[in-house]
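K.L.:
Starting from these lines, generate the structure:
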Amino acid sequence: MSSSVNARLRRLWLNIHLWLGIGLAVLLIPISLSGALLVWSDHVDALVNPGRYAVTAGQPQPPSALLAGATSALGPGFQPIAVRMPESGRWPATVTAREQRRGERTGGRPRLLTVYLDPASGRVLDTAEFRNSLVGFMHRFHENLTIPQYSGRAVVGWAGVGMLLLSLSGIYLWWPRTAGFRRGLRWRRAPNTPSNLHHLFGFWIAIPLAIVSATGVYLGFPQQARGLLSSVAPLTPPQRAFNAKLLAAPHIDVDRAKDIAQAAVAGTQVAAIFLPTQASQAWRIQLRAADSESLTTVLVDDRSGVLSQVKPRSGDTIAQWIRWIHEGSHSGVLWQLLVFLCGVLPTVFAVTGTMIWLRRRKTRLFRSRVSAAPQVHPAE
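P.N.:
Take a look at the predicted model:
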């Protein structure tokens with residue numbers, strides 16, 4: 001490629017990079033910062049609401065005791081649908097409950113309450129509607145800007161497309177034009193600090209940022225993404241689990257269902273138990289292997305007590321990994337840190353990029369004034 005064509009191509013991508021960054025900064029900065037905080041959402045919630053996490057040491061209470069404590073705290077109108085056991089002794093157990101009348105009356109998503117309990121004593125620590133908490137708000141803002149239905153998700157999805165273009169075009173623009181690869185890694189790429197910060201941080205985070213952006217695009221267009229994924233890998237049809245009617249009088253109690261599941265899958269602890277519905281007629285139980293974040297899901301038939309393992313379809317596994325990669329979960333501390341930086345550094349890039357643009361604009365204006373000024377020649 002000739003130098004003139006290469007220069008024009010570089011100018012084109014520089015303009016795309018510049019105007020995308022300036023045009024999307026108002027969206028990308030809050031979306032990315034909220035995503036950075038959500039990497040450690042439980043820790044943020046514990047910092048804001050320490051009372052919910054004031055747990056005591058000791059063996060956890062059986063699920064029946066936790067459900068009983070939550071039911072007494074909820075009062076009429078709400079029905080427990082799931083109990084989640086803590087991953088470690090420093091976290092509370094939680095019971096999720098839904099508002100019965102609203103979901104049955106409107107057919108829409110019912111209100112959900114979360115009851116936080118001390119696992120060792122069964123004492124209720126707090127009751128809150130997670131959706132209206134700080135972390136819940138950050139989740140809604142990051143997913144759909146708190147705009148209902150799919151319009152907000154689409155805006156976030158297109159912002160992800162812009163971030164993907166910014167990260168990929170940034171790699172191209174970072175590449176040194178007149179020297180080798182090593183020169184690009186130097187701090188002194190330019191005579192000013194904002195340019196050096198933009199170049200160096202941009203290079204090291206570009207690939208992780210592109211990955212996080214691409215997975216965000218998938219999550220931003222769920223219907224289209226599921227259709228595309230299902231064309232190459234089978235997916236389980238989506239279910240409206242929050243509105244499913246529960247069994248009025250299960251034959252097996254929650255503790256018996258837990259014991260059956262743990263006995264069948266050795267070396268595991270119960271992570272969550274979902275109460276049986278009229279449609280499934282089975283307890284849905286998630287088991288966590290020791291020293292692992294991976295979950296195994298089993299069904300315990302409410303009448304016979306027969307256990308069957310739920311084998312996820314290949315498309316379900318791919319979709320789950322896409323979400324995990326975007327969230328920074330199930331991938332170790334290093335990837336969590338990288339995802340956190342992917343949320344923080346776009347703000348740095350927006351500030352330093354604007355400073356670079358203003359500096360270059362000032363230089364161009366100065367040069368144009370100098371060239372336009374009348375030339376004064378010394379007298380001969």
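K.L.:
Got phi/psi on Pro191?
P.N.:
Pro191 adopts backbone torsions of phi -80, psi 0, taken as degrees, to the nearest 10.
K.L.:
Give the burial count for it, as a bare number.
P.N.:
If you count neighbours by other Cβ atoms under 10 Å, Pro191 ends up with 8. C-beta: built from backbone N, CA, C; applies to glycine.
K.L.:
how far away is it from Leu173?
P.N.:
Look at Pro191 and Leu173: by Cβ to Cβ, to the nearest Å, they are 18 Å apart.
K.L.:
residues touching the residue nearest to Val48 when sequence neighbours are not counted, list them.
P.N.:
Using Cβ to Cβ, 6 or more residues apart in numbering and skipping the chain neighbours, the partner closest in space to Val48 is Leu134 (5.4 Å). With contact set as Cβ atoms under 8 Å, 6 or more residues apart in numbering, Leu134 has these partners: 44-45, 48.
K.L.:
Which among these count as buried?
P.N.:
Asp45 (16 or more other Cβ atoms under 10 Å).
K.L.:
closest to Gln59 among the contacts of Leu134?
P.N.:
Asp45 (24.7 Å; Cβ to Cβ).
K.L.:
ok so, going back, quick one: which of the contacts of Leu134 is nearest Asp118?
P.N.:
Comparing these against Asp118 with Cβ to Cβ places Asp45 closest, at 16.1 Å.
K.L.:
show me where pLDDT drops low in this protein?
P.N.:
Applying pLDDT under 70 to the chain flags residues 1-2, 101-108, 149, 177-189, 239-242, 373, 375-380.
K.L.:
Can you tell me the element Pro238 falls in?
P.N.:
For Pro238, there is no host helix or strand (DSSP states H and E).
K.L.:
ok now do it, which residues does it touch?
P.N.:
Listed by Cβ under 8 Å, 6+ apart, the contact partners of Pro238 are Arg226.
K.L.:
about what we covered before: any chance of the contacts of Leu134 in TSV, with secondary structure too?
P.N.:
What follows is these, written out as TSV (DSSP: H, G, I helix; E, B strand; the rest coil):
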residue	secondary structure
Val44	helix
Asp45	helix
Val48	helix
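K.L.:
Checking the residue nearest to Ser121 when sequence neighbours are not counted next. Helix, strand or coil?
P.N.:
Excluding its sequence neighbours, the residue lying closest to Ser121 (Cβ to Cβ, 6+ apart) is Thr56, at 5.9 Å. Using three-state DSSP, the secondary structure recorded for Thr56 is coil.
K.L.:
give me phi/psi at Thr56?
P.N.:
Phi and psi for Thr56, reported as degrees, to the nearest 10, are phi -110, psi 160.
K.L.:
picking that back up, dump the contacts of Leu134 into CSV; add distance to Gln100 as well.
P.N.:
Converted to CSV, these look like this (distance: Cβ to Cβ, whole Å):
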residue, distance to Gln100
Val44, 31
Asp45, 26
Val48, 29
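K.L.:
how about the residue positioned nearest the centre of the chain, what does it touch?
P.N.:
The residue lying closest to the centre of the chain (Cα atoms, centre = their mean) is Glu327, at 3.5 Å. Residues in contact with Glu327 (Cβ under 8 Å, 6+ apart) are 38-39, 339.
K.L.:
what separates it from Asp45, distance-wise?
P.N.:
In this view, Glu327 and Asp45 are 15 Å apart by Cβ to Cβ.
K.L.:
Counting by contacts, list what the lengthiest helix in the chain packs against.
P.N.:
Assignment by DSSP state H gives helix 332-372 as the longest helix of the chain. Helix 332-372 makes packing contacts with helix 3-38, helix 193-220, helix 314-327 when contacts are defined by 3 or more Cβ pairs under 8 Å, 6 or more residues apart in numbering; DSSP states H and E.
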